[in-house]
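Asks: Give me a 3D structure for the following:
(one chain, ligands or ions: 1)
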Amino acid sequence: MKIALRDDDTCYFTSPSELERVYGDVWQRVPVCLATVPFAVGYPRAGIPESEWHSGRRFPLDANSELVAWLRQRIAERRITVALHGYSHEDYPDGFEFQAAPDLDRRVAEGRAYLERVLATPIRVFVPPHNALSKRGLAAVSRAGLNVLGSFLSFRPSNREWDRRTLANWWRIQQFRRATARDRSDRFVYPHPLRYTRHVEFGCHGLIPATTFEDLASGLEEARRFGGDFCLATHHWEVDDRLKRVLMQFLDHAAQFPDVRFVTAEDLFEPAHS
Ligand SMILES: [Zn+2]
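Replies: Numbering: from 1, shown residues only. This next block holds a predicted model:
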């Protein structure tokens with residue numbers, strides 16, 4: 001069983017010390033996939049100065065040279081990998097970035113090329129801002145051939161462009177619902193990668209302020225029961241002492257299973273037993 005860890009919202013506003021605070025004693029156990037915003041626009045959250053919450057100004061990652069040098073170093077040490085987390089992460093009146101922004105193909109291509117150049121690392125995974133991806137947004141990411149690491153993405157064929165694997169994947173989801181006695185409105189995380197023609201999708205379990213160790217342990221148990229894998233997703237800027245304890249308790253718990261391998265998020269998309 002593969003277990004990976006994803007952290008969202010690294011951007012110009014992030015300082016290395018924030019990431020060290022949360023992951024300094026974690027990434028030697030499990031590498032952290034930092035879903036990174038290439039040209040962040042400020043919005044209201046801890047860690048972004050209030051003066052930028054509504055300024056609409058765009059901040060390229062490489063304007064924070066201390067952060068870039070630190071990221072390159074951690075990548076070289078294999079402590080972190082980097083995924084593309086939108087382009088600007090800005091919200092629009094009618095939706096989040098990958099639901100509502102214009103020119104999504106350009107945003108994916110430019111954002112990816114920029115991160116690859118600035119951080120000197122290949123980018124193979126896309127994490128949608130707010131986990132929100134419209135049909136158009138998913139099509140743009142898929143055309144670029146990036147894999148999607150999300151949470152609670154829609155599987156309905158009407159919310160996605162059709163390809164020859166869509167129906168079979170939808171059927172797998174229905175079977176999983178039935179096997180776990182869930183109905184259409186119940187949330188769940190499907191524990192296997194879903195392979196479409198141009199990209200692969202994998203869903204994450206959230207570590208947010210309401211999450212308990214028991215939540216994660218039962219999610220893990222379900223994934224194990226179905227022979228699946230597991231990815232935990234969090235935001236460093238909301239990891240306080242309690243959430244950090246939940247994270248460490250979960251890692252200790254998972255490490256007890258002899259078949260568990262802690263892997264990079266990119267590894268989740270590789271075929272099993274490769
Ligand atoms: Zn985000």
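
Asks: CA only for contacts and neighbour counts going forward, please
Replies: Noted.

Asks: For A4, which non-adjacent residue is closest in space?
Replies: Computed as Cα to Cα, 6 or more residues apart in numbering, the closest residue to A4 that is not its neighbour in sequence is C231, at 4.7 Å.

Asks: Which of the helices or strands spans I48?
Replies: Of the helices and strands defined by DSSP states H and E, none includes I48.

Asks: quick revisit: for the residue nearest to A4, grab phi and psi.
Replies: Here is the backbone geometry of C231 (degrees, to the nearest 10): phi -130, psi 130.

Asks: can you map out the helices along the stretch 151-274 of the chain?
Replies: 166-179, 213-225, 241-255 (DSSP state H, counting those that start in this stretch).

Asks: Just put these in CSV and tack on mean neighbour count and mean pLDDT.
Replies: Output for the helices of the stretch 151-274 of the chain, formatted as CSV (neighbours: other Cα atoms under 10 Å; pLDDT from 0 to 100):
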stretch, mean neighbour count, mean pLDDT
helix 166-179, 15, 92
helix 213-225, 16, 97
helix 241-255, 16, 98
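
Asks: List the contacts of the residue of the stretch 151-274 of the chain found nearest the ion.
Replies: Closest contact between the stretch 151-274 of the chain and the ion, by Cα to the ion, is at H235 (7.9 Å). By Cα atoms under 8 Å, 6 or more residues apart in numbering, the contact list for H235 reads D7, D8, D9, L207, I208.

Asks: Would you mind listing what in the stretch 1-150 of the chain touches the ion?
Replies: Contact residues (Cα under 5 Å from the ion) of the stretch 1-150 of the chain with the ion: D9, P129.

Asks: all strands for the stretch 51-200 of the chain, in order.
Replies: 58-60, 80-84, 125-126, 147-150, 194-195, 200-203 (DSSP state E, counting those that start in this stretch).

Asks: Not counting the top strand by length along the chain itself, show me its contacts.
Replies: Longest strand in the chain by number of residues, with DSSP state E as the criterion: strand 2-10. Outside strand 2-10, the residues that touch it by Cα under 8 Å, 6+ apart are 30-37, 85, 228-236, 260-265, 268.

Asks: what does stretch 70-77 give?
Replies: P16, I80, T81, L119, A120, T121.

Asks: Could you report the neighbour count for F152?
Replies: When neighbours are counted by other Cα atoms under 10 Å, F152 registers 16.

Asks: Looking at it now. What's its pLDDT?
Replies: Note on F152: pLDDT of 72.
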